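Engineer: The following block contains a protein sequence and its predicted model.
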Amino acid sequence: MKYFVNEGSIVRQIWGKADTILFIFAGASAEFALNKAVDWLYFTGKLPADPLGRLFSTVTYARLIVFSEYDAALKSIDKITAIHQGVEKQRGSQIPDWAYRDVLFMLIDYSIRSFEVLERKLTREEKKEIFATFYEVGFRMGINGLPTDLDKWETMRREHLQDNLLSSDFTIDLYKQYKKHLGAIRYRMLKQVQIMVVPQRVKDLLSLGERSMLTPALHAYKLSRFFGIEKPFRNALLPVDYKAKVLELDLV
């Protein structure tokens with residue numbers, strides 16, 4: 001059977017662990033709030049009504065594609081494309097290509113950053129493999145102007161971070177919604193994880209600070225994984241509404 005991502009791929013290692021996916025989610029939640037096209041996510045009302053669910057669905061779709069048989073993965077990508085086309089038709093205008101690229105770039109970047117925070121540094125070849133996987137997703141979606149290799153992506157990623165992010169009223173509102181849905185303690189933890197994984201540009205725009213108070217806890221958590229006792233600790237920190245969904249993410 002042909003899979004969209006080969007068995008044994010570093011991409012499967014990254015997207016087969018709930019811990020890594022939660023860190024990807026944390027980084028994406030920060031950058032989504034700053035994106036100049038975030039008004040598209042407000043248009044349907046789904047993002048402010050359920051920001052965790054809306055962002056989690058994006059991450060879940062990506063994970064589904066990674067572990068799907070090839071043709072099934074293509075159908076999932078086509079479904080994503082159709083959903084966006086429906087929103088465009090409803091609004092009477094098109095989502096900018098750069099906004100599509102931004103979301104794709106986030107999935108690449110936070111895959112790399114999250115794995116490196118939680119596990120180890122990736123090799124250049126492993127990063128190329130991550131890029132190639134999500135390039136195929138973007139190519140299937142028909143996104144224009146995609147970089148064709150990792151070097152070009154790194155250049156475009158820096159440009160996008162500089163040009164396409166803005167702290168706005170949407171940013172403020174979205175963070176209020178994060179706090180409302182997470183509660184004060186988990187909200188503070190979210191921001192501390194964001195410090196660990198987001199690029200400097202995102203830290204600056206959100207005034208997150210430079211040093212995460214969770215760094216000592218992360219070291220302890222890595223040690224607990226060595227003894228196989230990390231999951232009860234992690235699970236106790238999860239919002240009740242999403243605990244079952246998160247537990248389903250552990251595949252490797």
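Structural biologist: Thanks, I have it.

Engineer: what distance separates the helix or strand that contains residue 105 from the centre of its chain?
Structural biologist: Using DSSP states H and E, residue 105 falls within helix 97-118. Relative to its chain's centre, helix 97-118 lies at 6 Å (CA atoms, centre = their mean, to the nearest Å).

Engineer: Remind me what the next helix or strand after that helix packs against, helices and strands.
Structural biologist: Per DSSP H and E, the first helix or strand lying C-terminal to helix 97-118 is helix 124-141. In terms of contacts (3 or more CB pairs under 8 Å, 6 or more residues apart in numbering; DSSP states H and E), helix 124-141 is packed against helix 10-15, helix 51-66, helix 70-91, helix 97-118, helix 150-163. In short, each C-beta sits where N, CA and C put it, glycine included.

Engineer: at 6 Å instead, please
Structural biologist: Under the contact criterion of 3 or more CB pairs under 6 Å, 6 or more residues apart in numbering; DSSP states H and E, helix 124-141 touches helix 10-15, helix 70-91, helix 97-118, helix 150-163.

Engineer: residues in contact with that helix?
Structural biologist: Here helix 124-141 makes contact (CB atoms under 6 Å, 6 or more residues apart in numbering) with 5, 10-11, 77, 81, 104, 107-108, 111-112, 146, 150, 153.

Engineer: For that helix, list the C-alpha coordinates in CSV.
Structural biologist: Presented in CSV, the C-alpha positions along helix 124-141 are these (Å, rounded to 0.1, in the frame of the first residue of the first chain):
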residue,chain,number,x,y,z
ARG,A,124,19.2,19.1,7.0
GLU,A,125,17.9,16.1,5.2
GLU,A,126,15.2,15.6,7.7
LYS,A,127,14.1,19.2,7.3
LYS,A,128,14.0,18.7,3.6
GLU,A,129,11.7,15.8,4.1
ILE,A,130,9.3,17.8,6.2
PHE,A,131,9.3,20.6,3.6
ALA,A,132,8.7,18.2,0.8
THR,A,133,5.7,16.6,2.5
PHE,A,134,3.9,19.9,3.0
TYR,A,135,5.0,21.2,-0.4
GLU,A,136,3.0,18.3,-1.8
VAL,A,137,0.0,19.3,0.2
GLY,A,138,0.2,22.9,-1.1
PHE,A,139,0.8,21.8,-4.6
ARG,A,140,-2.3,19.6,-4.5
MET,A,141,-4.3,22.5,-3.2
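
Engineer: Now do that helix against helix 70-91: the angle between them, please.
Structural biologist: Inter-element angle recorded for helix 124-141 and helix 70-91: 60 degrees (by axes from the mean of the first three to the mean of the last three CA atoms, to 10 degrees).

Engineer: low-confidence ranges in the stretch 151-252 of the chain?
Structural biologist: 225-252 (pLDDT under 70).

Engineer: let's see 50
Structural biologist: Applying pLDDT under 50 to the stretch 151-252 of the chain flags no residue at all.

Engineer: where along it do the strands fall?
Structural biologist: Remark: no strands are assigned in the stretch 151-252 of the chain by DSSP state E, counting those that start in this stretch.
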